[in-house]
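Visitor: 3D model of this:
(chains A and B)
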Amino acid sequence: MIDVWPVTEAWLRAVPPVDPWDRIRRGAFVHATTPRPPIGVTPHEVVHTHDKLTVRYYAPPAGSARRPPFVVVPSMINKAAVLDLEADRSLVAAMARFGHPTYLIDWGVPAAEDAGEDVAYVLHDLLHRSIERICRHARAPKAHVLGYCMGGTLAVMLAALRPERFLSLAALAAPIRFHAGGRFYDFSAEGVLDVDAALDPSGLLPVEAMAPVFKMLDPVGNITKFLAVERAAQDPRALARVLARERWLEENVPLQGAFAREFIRYGYQQDRLLAGTWPVGGERVRLERVTCPTLVLVCQGDRITPADAARPLADAVGGPAQTVELPTGHIGAVVGSFGPKTFYPLLDRWVREGHA
Amino acid sequence: MARSDGSQMATEMYEAWEKSMTTWWDQVLESPAFLKSMGSGVTQQVQGRRAYEDAVDTTLEKFHLPTRADLTRVARITSLLEDRLLSLEDRLLALEDRLVASEKATLQARIDAGEARLAAEDRLAAIEDRLIAIAEKLGSTLEEPTARPRRGRKEG
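Guide: Presented below is the predicted three-dimensional model:
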């Protein structure tokens, strides 16, 4: 493959942009031609595998005091590596550096044979078993669990169904009141999206069905983002940072059909979680059964999980809960400069002291 | 100067475009008709892909080659076997936990028994000491009459 970057860089330096449109064109060209930087490169050990799922372990520095495990549950529609995007903006690396034995659930990429996996299978067989194995690996009876986005909703549901391994629960940008889900709700509402018809021949909800929804969350932003790319193109490090974020947006993962059907129907279309009527494996998810200390992390500028969709968790759980409003968007808390400056230390304090 | 003015005008035009496009998209995205067409667009795309993949499967079947469905079936069986293995592993780990717990309990019981035996030995030793002391006391008591005037009834 021909590396066009040296020519692009020379062109960008030699000829200044004429107007914003020119800058957008240049940004689009850089965006299309520059290879994406690697992500998920923090050294780790795989401590459990189950089909496509792997559990990655990020060890704290040698000599750290013994602490309970810290488990990160990401969304199932993104690659887990987005929580380890860059060396200096990696949630898992930061938590390990703070001295917490940190574990990242990597859901993997489902294939046709996984199409029948439903919410009960994901919660009990995949997530609960992973947390059990993590506790065994860390030789601890309980774990601190952080769920992000859809991973947050799943962590909350598991904390209600199987609370025995939860030392604390932190839900970051986790949709709870689905009907307050903004545009994401508009696109998945009953009468708009027929989930069964959207499943591909393998029985999966394909990336192609989800990508337009994400693009439509900020249609103008799809064009204006090239201004940021053009600005960053002057500095290889800044460009790598912008393009690493692009990997987050570009690399979605398909969903198991049975899971997608249930999650969209009971969640976005019928809003059953807060009502306590979401059935999982013959049992109803009742949020008042979440009795461990709970931290509700609300991103004020979030388009995917608007603040009103995330906030109600604090009042719904049965144990002590605290809400922290973060002045960022959906991904800003994890990968923006806000992460290392504010968010990672806040999480560290939470798991050390049980409050932020 | 002319360039600067031109550049500023372009920037202003761009900003006006961005603002008007955002407003326009906000209106479009709230339109039920647009949302419905988006939903049906996704469905149509998937239907097209389904038709294509069905055609591929039919061709493969005619050549007596395994289709996607055949491969999926084999992969599914492998997944189910892994599930069963993991369930067995869970049970083995639970047994191991119980074994470790019972070993700990046995060890504790042996320690408790050993300590109890030591305590019993100590108590026995103490009783023995007391007995010896009593015996000594008794011995000295029996020897005493030679020193003291004998009391009691007269012989004969």
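
Visitor: What distance do you get for A:Ser75 to chain B?
Guide: According to CB to the nearest CB, to the nearest Å, A:Ser75 stands 20 Å off from chain B. Every residue, glycine included, has its C-beta placed from N, CA and C.

Visitor: May I have the phi/psi pair for that residue?
Guide: Torsion angles at A:Ser75 (phi, psi; degrees, to the nearest 10) stand at phi -70, psi 160.

Visitor: pLDDT at it, what is it?
Guide: Per-residue confidence (pLDDT) for A:Ser75: 96.

Visitor: so it makes contact with A:Cys149?
Guide: Yes - counting by CB atoms under 8 Å, A:Cys149 is a contact partner of A:Ser75 at 4.1 Å.

Visitor: Compare the two and say which is more crowded by neighbours.
Guide: Just comparing A:Ser75 and A:Cys149: by other CB atoms under 10 Å in any protein chain shown the higher neighbour count belongs to A:Cys149, 26 against 23.

Visitor: OK, contacts around the more buried one?
Guide: When contacts are counted by CB atoms under 8 Å, 6 or more residues apart in numbering or on different chains, A:Cys149 touches A:74-75, A:78, A:172-175, A:304-305, A:330.

Visitor: ditto for A:Val242
Guide: A:Val242 neighbours (CB under 8 Å, 6+ apart): A:228-229, A:232.

Visitor: ok, and the most crowded of these?
Guide: A:Val229 (23 neighbours).

Visitor: so the nearest residue to it once chain neighbours are set aside is in which element?
Guide: With CB to CB, 6 or more residues apart in numbering or on different chains as the criterion, A:Val229 has its nearest non-adjacent residue at 3.8 Å, and that residue is A:Gly27. Counting by DSSP states H and E, the element that carries A:Gly27 is helix A:20-33.

Visitor: Tell me which helix or strand comes right after the helix or strand of chain B with the lowest mean pLDDT.
Guide: Across the helices and strands of chain B, mean pLDDT, DSSP states H and E gives its lowest value to helix B:2-30, namely a mean of 82. Moving toward the C-terminus from helix B:2-30, the next helix or strand (DSSP H and E) is helix B:32-62.

Visitor: Buried residues, that next one. List them.
Guide: B:34-35, B:38-39, B:42-43, B:45-46, B:53, B:57 (16 or more other CB atoms under 10 Å in any protein chain shown).

Visitor: tell me the contacts of the closest residue to A:Ile223 other than its chain neighbours?
Guide: Spatial nearest neighbour of A:Ile223, excluding adjacent residues (CB to CB, 6+ apart): A:Ile24 at 6.3 Å. Shown in contact with A:Ile24 (CB under 8 Å, 6+ apart): A:223-224, A:226-227, A:230.

Visitor: residues contacting the residue nearest to A:Val229?
Guide: A:225-231, A:233.

Visitor: now, which of these lie within helices?
Guide: Judged by DSSP state H, the subset of the contacts of A:Gly27 located in helices is A:225-231.

Visitor: Which residue would be the closest one in chain B to chain A?
Guide: B:Ala10 (3.3 Å; CB to the nearest CB).

Visitor: Please verify my assumption that that residue contacts B:Ala16.
Guide: No - with contact defined as CB under 8 Å, B:Ala10 does not reach B:Ala16; the gap is 10.7 Å.

Visitor: Quickly find the element holding the residue positioned nearest the centre of chain B.
Guide: In chain B, the residue lying closest to the centroid (CA atoms, centre = their mean) is B:Asp90, at 10.5 Å. Using DSSP H and E, the element containing B:Asp90 is helix B:68-143.

Visitor: so where does A:Thr291 fall, helix or strand?
Guide: Counting by DSSP H and E, A:Thr291 is part of no helix or strand.

Visitor: who in chain B is up against chain A?
Guide: B:6-7, B:10-11, B:14, B:18, B:21-22, B:25, B:29-30, B:35-36, B:38-39, B:41-43, B:45-47, B:49-50, B:53-54, B:68, B:71-73, B:75-76, B:78-79, B:82-83, B:86, B:90, B:93 (CB under 8 Å from any CB of the partner chain).

Visitor: Quick check: which ranges of chain B have low pLDDT?
Guide: B:1-4, B:144-156 (pLDDT under 70).

Visitor: make it 80
Guide: Applying pLDDT under 80 to chain B flags the ranges B:1-7, B:142-156.

Visitor: how about B:Arg49, what does it touch?
Guide: Counted by CB under 8 Å, 6+ apart, B:Arg49 has contacts A:200-201, A:206.

Visitor: what subset of those residues is also close to chain B?
Guide: Of the contacts of B:Arg49, the ones that also sit near chain B (CB under 8 Å from any CB) are A:200-201, A:206.

Visitor: now, which of the residues you listed lie within strands?
Guide: Among the ones next to chain B among the contacts of B:Arg49, no member falls in strands (criterion: DSSP state E).

Visitor: any idea which of the residues you listed is closest to chain B?
Guide: A:Pro201 (4.4 Å).

Visitor: Any idea how many residues pack against the closest one?
Guide: 20.

Visitor: same deal with the one 5 residues further on?
Guide: Summarising burial for A:Pro206: neighbours were counted as other CB under 10 Å, giving 21.

Visitor: how about JSON lines for the contacts of A:Gly27, with distance to A:Glu113 added?
Guide: Output for the contacts of A:Gly27, formatted as JSON lines (distance: CB to CB, whole Å):
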{"residue": "A:Lys225", "distance to A:Glu113": "36"}
{"residue": "A:Phe226", "distance to A:Glu113": "39"}
{"residue": "A:Leu227", "distance to A:Glu113": "43"}
{"residue": "A:Ala228", "distance to A:Glu113": "40"}
{"residue": "A:Val229", "distance to A:Glu113": "38"}
{"residue": "A:Glu230", "distance to A:Glu113": "44"}
{"residue": "A:Arg231", "distance to A:Glu113": "45"}
{"residue": "A:Ala233", "distance to A:Glu113": "42"}
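
Visitor: A:Leu127 touches A:Leu154, doesn't it?
Guide: Yes - under the criterion of CB under 8 Å, A:Leu127 makes contact with A:Leu154 at 6.2 Å.

Visitor: neighbour count winner among these two?
Guide: A:Leu154 (28 against 24).

Visitor: so which strand or helix has A:Val192?
Guide: Going by DSSP H and E, A:Val192 is not part of any helix or strand.

Visitor: Could you measure from the residue in chain A that chain B sits nearest to over to A:Ile223?
Guide: Closest approach between chain A and chain B, counting by CB to the nearest CB: A:Asp19, at 3.3 Å. As judged by CB to CB, to the nearest Å, A:Asp19 and A:Ile223 stand 14 Å apart.

Visitor: Next: A:Asp88.
Guide: Taking CB to CB, one finds A:Asp88 at 29 Å from A:Ile223.

Visitor: Counting neighbours around each, name which of these two comes out higher.
Guide: Using other CB under 10 Å, the more surrounded residue of A:Asp88 and A:Ile223 is A:Ile223, with 16 against 11.
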